[in-house]
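In: attaching a predicted model along with its sequence, questions to come.
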Number of protein chains: 4
Amino acid sequence: MSAEPGPQIRRLRESITRLHRELTRYRLVAWTAGNVSARVPGHDLMVIKPSGVDYDDLAPENMVVCDLDGLVVEGDLAPSSDTAAHAYVYRAMPEVGGVVHTHSTYATAWAACGEPIPCHLTAQADEFGGEIPVGPFALIGGDDIGKGIVETLAGHRSPAVLMRNHGVFTIGRDARAAVKAAVMCEDIARTAHLARTLGTPLPIAAADVDALYDRYQNIYGQRPPLPRSP
Amino acid sequence: MSAEPGPQIRRLRESITRLHRELTRYRLVAWTAGNVSARVPGHDLMVIKPSGVDYDDLAPENMVVCDLDGLVVEGDLAPSSDTAAHAYVYRAMPEVGGVVHTHSTYATAWAACGEPIPCHLTAQADEFGGEIPVGPFALIGGDDIGKGIVETLAGHRSPAVLMRNHGVFTIGRDARAAVKAAVMCEDIARTAHLARTLGTPLPIAAADVDALYDRYQNIYGQRPPLPRSP
Amino acid sequence: MSAEPGPQIRRLRESITRLHRELTRYRLVAWTAGNVSARVPGHDLMVIKPSGVDYDDLAPENMVVCDLDGLVVEGDLAPSSDTAAHAYVYRAMPEVGGVVHTHSTYATAWAACGEPIPCHLTAQADEFGGEIPVGPFALIGGDDIGKGIVETLAGHRSPAVLMRNHGVFTIGRDARAAVKAAVMCEDIARTAHLARTLGTPLPIAAADVDALYDRYQNIYGQRPPLPRSP
Amino acid sequence: MSAEPGPQIRRLRESITRLHRELTRYRLVAWTAGNVSARVPGHDLMVIKPSGVDYDDLAPENMVVCDLDGLVVEGDLAPSSDTAAHAYVYRAMPEVGGVVHTHSTYATAWAACGEPIPCHLTAQADEFGGEIPVGPFALIGGDDIGKGIVETLAGHRSPAVLMRNHGVFTIGRDARAAVKAAVMCEDIARTAHLARTLGTPLPIAAADVDALYDRYQNIYGQRPPLPRSP
């Protein structure tokens, strides 16, 4: 275990609050139906949105700290009803530092049809390394959703999974990366839907998808990365 | 009858004003074409939007108080032209504390086709308990719209009804719940439309719909609920 | 002729500036591609947007006053390139006090197909009294567009016309009514498009369309109407 | 070579920062995925967005100055990963003063299908002089994208090219004109998509397209043009 997690948790409460604003800015969520969490690095803890609270009312002090079984450690409110799924992912995938869940409409339309999003866009090759996969139908309330996420993402480069008849879960090395994946997933789901209803989207050769993915993961952005709040 | 309704009405004027902002925020309304009302608990009264007033100009003091026959009790402006429909619902459904009406575009497209929205999404099972039903075509100006709403919702768990060739009415235990149902109805109508134009949406088993509905109605959110303005 | 038009023009410069904000609020326009004008009541004059000026930069003092041949009477900037069409409408239709032109996307999609929007919605019956008609293809630069608008609207209750391969023109007793018609036209064009791509929109009986139109034109809103800036 | 470029660069840093706000205002970009650049007139230099920086965090001082081989001349951050493509265009097309790249969704859907946007709209004839062409599939990392842009636009009046499976590049006499072309390209791609999914878009005669293009390029807007920041 690392040093006392207090200062880290304080910073994560702030950054998770800010990151929820990206969900509303990009219109990925309606009412209170999406959530962001972050692992507390070096501790078996996570910071997550409280359940059923308006996005306008989110503040660092009403975020909830849970252990990785989803039990509340710090906070007066009940955590997101999706806490068990977030916790399962953190337990199973130690490299994951952030998890996001939305019902963003275009991605959820693909999920409702149980169809993975085929890779017709260079931006999709960059971020997702190929198709965005579909996970199983799973009921809320136990580990089924978490298991479905982990089993689906295990075999893919994609940080996003379309859970059948449900919505999107994304992962990242931190919460910001998971939010980025959620934003890009909806953008790509929308473009792919528009392309499908327009005509016949053209494939990208597998070798080109690989080249794009490798380059983007290793070259894009600032080196070293810009300093960010954790 | 309860005590004098003055303080309750003052609070409801404020909350109804605020809730109309959710209609514009989620782009459920164009120009002046949607409205929210609330029952005054314990009194045969309702608070409702004035007719044809811009959303930007709504304020607690220009809301209209009517009795449950739709007659103005307090207020200088004429009430919403949909007042008769709201009043009919309050008379017929004593458990209803709030009513919302919109022409939100995706839901209204389903209404224009006279098709209920089948349940392909867990979020729909949660909030609506199954398909979102279609009510009859009815002309404004008497009790026909109110009757159509009540007769349709009587047989459903759904708090939303798609009135044929017209738009959406939603109900709730209070006005906030009815506004939430209006927001979720459009979100689901949109996702269902996108899924239909994409491919073949997959059904959810009836037992799973029931399980999701029961859980969401009884567990989601904060226990006890967060304090809210009435 | 009435008294000196100075004070009227000052008020119209302000109200036209404000009304352009509704075009951007409802996303009816991209870049500088839409415009609002108002007749100066009792004078053969109109106030109109300058050509190619950003919506953010519009202000009462850069609006342009033209006569009804489209010649500039007051103002340093060139008027909208659609001025000839606005002027033609004011010359031919003395009851018209405001004209709006947009390329709002859903309505323009119907215009690109040369299809009138059939009446499947009570809100369309209310505001447009039936289908929204299509006008001819016409080149800019003379009276062809104005003639096309007037000849098409002459035979309809609709205050909106879809000019083929071009966009929308709407009219009203004042500029505010014409802006309302432009907002509602796009809202209805969108809903009608979504209904068409969803399934089979159901017709409304002609007698019901008439009843809805008569009621809305005569009863909706405040009696007497709310005071507004002219 | 002209006089020292310092004051020009300072003004361009400001105007490029402002112009990126149009990309977010019109929702042409998600996360950090689009960019604007400007040539420094009279110098073999360009000002461009830094790579992977949030639009909210863009400021004149973090823009990057590169030479026309894409090498950084001034600035602490790495330039956009699309810098090589911008630089290629400036080298090959001396009349171009600004370049914009987006993945705006409707235009990118046409690009995913490899279909040029046929000219069904007068606004498209005005700005693009006919269809909006498709360029080749090209991998990032060398001159392939730049070459594809230049070779495609060489044979067209259009200032926009849809790069296959990728997105949009637009050019202009300055950065503002290129941003306008990016905004109009998406607006037209959207309307054309909606027309295609609605019915059968009607063609415009080639002579009419020519007449519209000539007029718009020579008459529209203010004469002389409004003063703008460079």
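Out: Received it, and whenever you're ready, just let me know what you need. Here the structure is a predicted model, which is why all the values come from computation and not from measurement.
In: ok, now how distant is residue A:115 from residue C:207?
Out: Going from residue A:115 to residue C:207 by Cβ to Cβ, to the nearest Å gives 45 Å. (Each C-beta comes from the backbone N, C-alpha and C, glycine too.)
In: what is the host helix or strand of residue A:153 packed up against?
Out: Residue A:153 belongs to helix A:144-154 when assigned by DSSP states H and E. Here helix A:144-154 touches helix A:83-92, strand A:134-135, strand A:160-163, strand A:167-172, going by 3 or more Cβ pairs under 8 Å, 6 or more residues apart in numbering or on different chains; DSSP states H and E.
In: so what's the model's average confidence on the longest one?
Out: Spelled out, it's helix A:83-92. Mean per-residue pLDDT for helix A:83-92: 98.
In: now chain A against chain C: closest residue?
Out: Residue nearest to chain C within chain A (Cβ to the nearest Cβ): residue A:197, separated by 8.1 Å.
In: which of the three states applies to that residue?
Out: Counting by DSSP: H, G, I helix; E, B strand; the rest coil, the backbone at residue A:197 sits in helix.
In: which residues touch it?
Out: Listed by Cβ atoms under 8 Å, 6 or more residues apart in numbering or on different chains, the contact partners of residue A:197 are B:197, B:198, D:193, D:197.
In: try it again at 6 Å.
Out: B:197, D:197 (Cβ atoms under 6 Å, 6 or more residues apart in numbering or on different chains).
In: now swap in the one 3 residues further on and tell me
Out: Contacts were defined as Cβ under 6 Å, 6+ apart; by that measure residue A:200 touches residue D:113.
In: about what we covered before: residue A:115 and residue C:207: which is more packed in?
Out: More crowded of residue A:115 and residue C:207, by other Cβ atoms under 10 Å in any protein chain shown: residue A:115, with 21 against 9.
In: the closest residue to that one other than its chain neighbours: neighbour count?
Out: Sequence neighbours aside, residue B:199 is the residue nearest to residue A:115 in space, at 5.7 Å (criterion: Cβ to Cβ, 6 or more residues apart in numbering or on different chains). Per other Cβ under 10 Å, the neighbour tally for residue B:199 reads 15.
In: distance of residue B:199 relative to residue D:219?
Out: Residue B:199 sits 48 Å away from residue D:219, going by Cβ to Cβ.
In: for residue A:29, helix, strand, or coil?
Out: Secondary structure assignment for residue A:29 (three-state DSSP): coil.
In: report the beta-bridge partners for the residue positioned nearest the centre of chain A.
Out: When Cα atoms, centre = their mean is applied to chain A, the residue found nearest the centroid is residue A:170 (2.4 Å). Residue A:170 has these beta-bridge partners by DSSP bridges: residue A:100, residue A:160.
In: tell me the spacing between it and residue B:202.
Out: Distance of residue A:170 to residue B:202, computed by Cβ to Cβ: 22 Å.
In: the residue in chain A that chain B sits nearest to: how many residues sit nearby?
Out: Nearest residue of chain A to chain B, counting by Cβ to the nearest Cβ: residue A:52, 3.1 Å away. A total of 19 residues lie near residue A:52 under the criterion other Cβ under 10 Å.
In: I figured it was touching residue A:32, is that so?
Out: Yes - with contact defined as Cβ atoms under 6 Å, residue A:52 reaches residue A:32; the gap is 5.2 Å.
In: test my guess that the residue nearest to residue A:115 contacts residue A:112.
Out: No - using Cβ under 6 Å, residue B:199 makes no contact with residue A:112, being 8.8 Å away.
In: doesn't residue A:36 lie inside a strand?
Out: Yes - according to three-state DSSP, residue A:36 belongs to a strand.
In: any idea what it is bridged to?
Out: Taking DSSP bridges as the rule, residue A:36 bridges to residue A:100.
In: quick one: contacts for it?
Out: Neighbours of residue A:36 in contact, by Cβ under 6 Å, 6+ apart: A:16, A:19, A:20, A:100, A:175.
In: mind doing that once more with 8 Å?
Out: Neighbouring residues of residue A:36 by Cβ under 8 Å, 6+ apart: A:16, A:19, A:20, A:23, A:48, A:49, A:98, A:99, A:100, A:175, A:178, A:179.
In: same check, this time on residue A:119
Out: Listed by Cβ under 8 Å, 6+ apart, the contact partners of residue A:119 are A:125, A:128, A:130, A:131, A:203, A:204, A:209.
In: now those: which count as buried?
Out: Listed as buried from the contacts of residue A:119 are A:125, A:128, A:130, A:131, A:204, A:209; burial here means 16 or more other Cβ atoms under 10 Å in any protein chain shown.
In: identify, from those residues, the entry nearest to chain D.
Out: Once Cβ to the nearest Cβ is applied, the member of the buried ones among the contacts of residue A:119 that ends up nearest chain D is residue A:204, at 5.4 Å.
In: give me the pLDDT value at the residue of chain A positioned farthest from its centre.
Out: The centre of chain A is farthest from one residue, residue A:199, which by Cα atoms, centre = their mean lies 30.0 Å away. Per-residue confidence (pLDDT) for residue A:199: 96.
In: ok, the nearest residue to residue A:146 once chain neighbours are set aside - how many residues close by?
Out: Leaving aside its sequence neighbours, residue A:146 sits nearest to residue A:88 (Cβ to Cβ, 6+ apart; 2.3 Å). Neighbour count for residue A:88, taken as other Cβ under 10 Å: 23.
In: next up, the contacts around residue A:88.
Out: Counting by Cβ under 8 Å, 6+ apart, residue A:88 touches A:143, A:145, A:146, A:147, A:149, A:150.
In: go again using 7 Å as the cut-off
Out: Contacts for residue A:88 (Cβ atoms under 7 Å, 6 or more residues apart in numbering or on different chains) come out as A:143, A:146, A:147, A:150.
In: so which of those is the most crowded?
Out: Busiest of the contacts of residue A:88 [other Cβ under 10 Å] is residue A:146, holding 24 neighbours.
In: my guess is that one contacts residue A:91, does it?
Out: No - if you go by Cβ atoms under 7 Å, residue A:146 and residue A:91 don't touch, sitting 8.1 Å apart.
In: what residues does chain A have near chain D?
Out: By Cβ under 7 Å from any Cβ of the partner chain, the residues of chain A that approach chain D are A:26, A:120-123, A:180, A:183-184, A:187, A:190-191, A:194-195, A:197-202, A:204, A:208, A:211-212, A:215, A:220-223, A:226.
In: residue A:200 versus the nearest residue to residue A:55 once chain neighbours are set aside, what's the distance?
Out: Using Cβ to Cβ, 6+ apart and skipping residues adjacent in sequence, the residue nearest residue A:55 is residue A:24, 5.1 Å away. According to Cβ to Cβ, residue A:24 stands 35 Å off from residue A:200.
In: then residue A:77?
Out: 49 Å.
In: ditto for residue A:183
Out: Here the distance between residue A:183 and residue A:200 works out to 27 Å (Cβ to Cβ).
In: contact partners of the helix holding residue A:153?
Out: By Cβ under 7 Å, 6+ apart, helix A:144-154 touches A:84-85, A:88-89, A:92-93, A:133, A:135-136, A:138, A:161, A:163, A:169, A:171.
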